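Asks: 3D model of this:
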Amino acid sequence: MVEESTLMLWLLIASVVLNLITMVFVIILFGRMRDLKRSLQQEPHAKGEGAAPKQAAPSTLGGIVFCRHCGTQHDSSEEVCPNCKTPR
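Replies: Residues are numbered from 1 along each chain as shown. Here you go, the predicted structure:
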């Protein structure tokens, strides 16, 4: 009985330590992601390109879209559905 409770205590301690290590790594990674996001947002300001970061044209970001009226799949650069002519 004493051996079982000692084993359970060591397993509990190991579990807590592992969870603490994981929590520290997650906090560090979130901090790095936040710093990276800030540096990417501030980069255009440092170069004097304007207040907003550059964004790609909508046609290069979207790819394939679906019509909300008929469900036809078409390219995102098209302003209307080729099947039912419903505007995007």
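Asks: how about the secondary structure of the residue nearest the centre of the chain?
Replies: Centroid-nearest residue in the chain: residue 33, 10.2 Å away (criterion: CA atoms, centre = their mean). Classification of residue 33 using DSSP: H, G, I helix; E, B strand; the rest coil returns helix.
Asks: average pLDDT for stretch 66-85?
Replies: The average pLDDT within stretch 66-85 is 89.
Asks: distance from it to the middle of the chain?
Replies: The gap between where stretch 66-85 is centred and where its chain is centred comes out at 27 Å by CA atoms, centre = their mean, to the nearest Å.
Asks: same question, stretch 80-88
Replies: Counting by CA atoms, centre = their mean, stretch 80-88 comes out at 31 Å from the chain centroid.
Asks: which helix or strand in the chain has the lowest average pLDDT?
Replies: One helix or strand of the chain scores below all others by mean pLDDT, DSSP states H and E: helix 58-62, with a mean of 52.
Asks: tell me the domain boundaries of this structure?
Replies: Listed domain ranges for the chain are 2-54, 56-88 (source: automatic domain parsing).
Asks: pick the most deeply packed of these.
Replies: domain 56-88 (a mean of 12; mean count of other CB atoms under 10 Å). (C-beta placed from N, C-alpha, C; glycine too.)
Asks: now do that domain: distance to the chain's middle.
Replies: With CA atoms, centre = their mean, you get 24 Å for domain 56-88.
Asks: over to stretch 9-23?
Replies: With CA atoms, centre = their mean, you get 28 Å for stretch 9-23.
Asks: same question for stretch 28-43.
Replies: So, by CA atoms, centre = their mean, the centroid of stretch 28-43 is 13 Å from its chain's centroid.
Asks: now do it, average pLDDT.
Replies: 87.
Asks: got the CA positions of that stretch in PDB?
Replies: Extracted C-alpha coordinates of stretch 28-43, given in PDB (Å, rounded to 0.1, in the frame of the first residue of the first chain):
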ATOM      1  CA  ILE A  28       7.200  31.800 -24.700                       C
ATOM      2  CA  LEU A  29       5.800  30.900 -28.200                       C
ATOM      3  CA  PHE A  30       2.900  33.300 -27.800                       C
ATOM      4  CA  GLY A  31       5.300  36.000 -26.900                       C
ATOM      5  CA  ARG A  32       7.400  35.300 -29.900                       C
ATOM      6  CA  MET A  33       4.300  35.200 -32.200                       C
ATOM      7  CA  ARG A  34       3.100  38.600 -30.700                       C
ATOM      8  CA  ASP A  35       6.500  40.100 -31.300                       C
ATOM      9  CA  LEU A  36       6.700  38.800 -34.900                       C
ATOM     10  CA  LYS A  37       3.200  40.100 -35.600                       C
ATOM     11  CA  ARG A  38       4.200  43.600 -34.300                       C
ATOM     12  CA  SER A  39       7.400  43.600 -36.300                       C
ATOM     13  CA  LEU A  40       5.500  42.700 -39.500                       C
ATOM     14  CA  GLN A  41       2.900  45.400 -38.800                       C
ATOM     15  CA  GLN A  42       5.500  48.100 -38.100                       C
ATOM     16  CA  GLU A  43       7.800  47.200 -41.100                       C
END
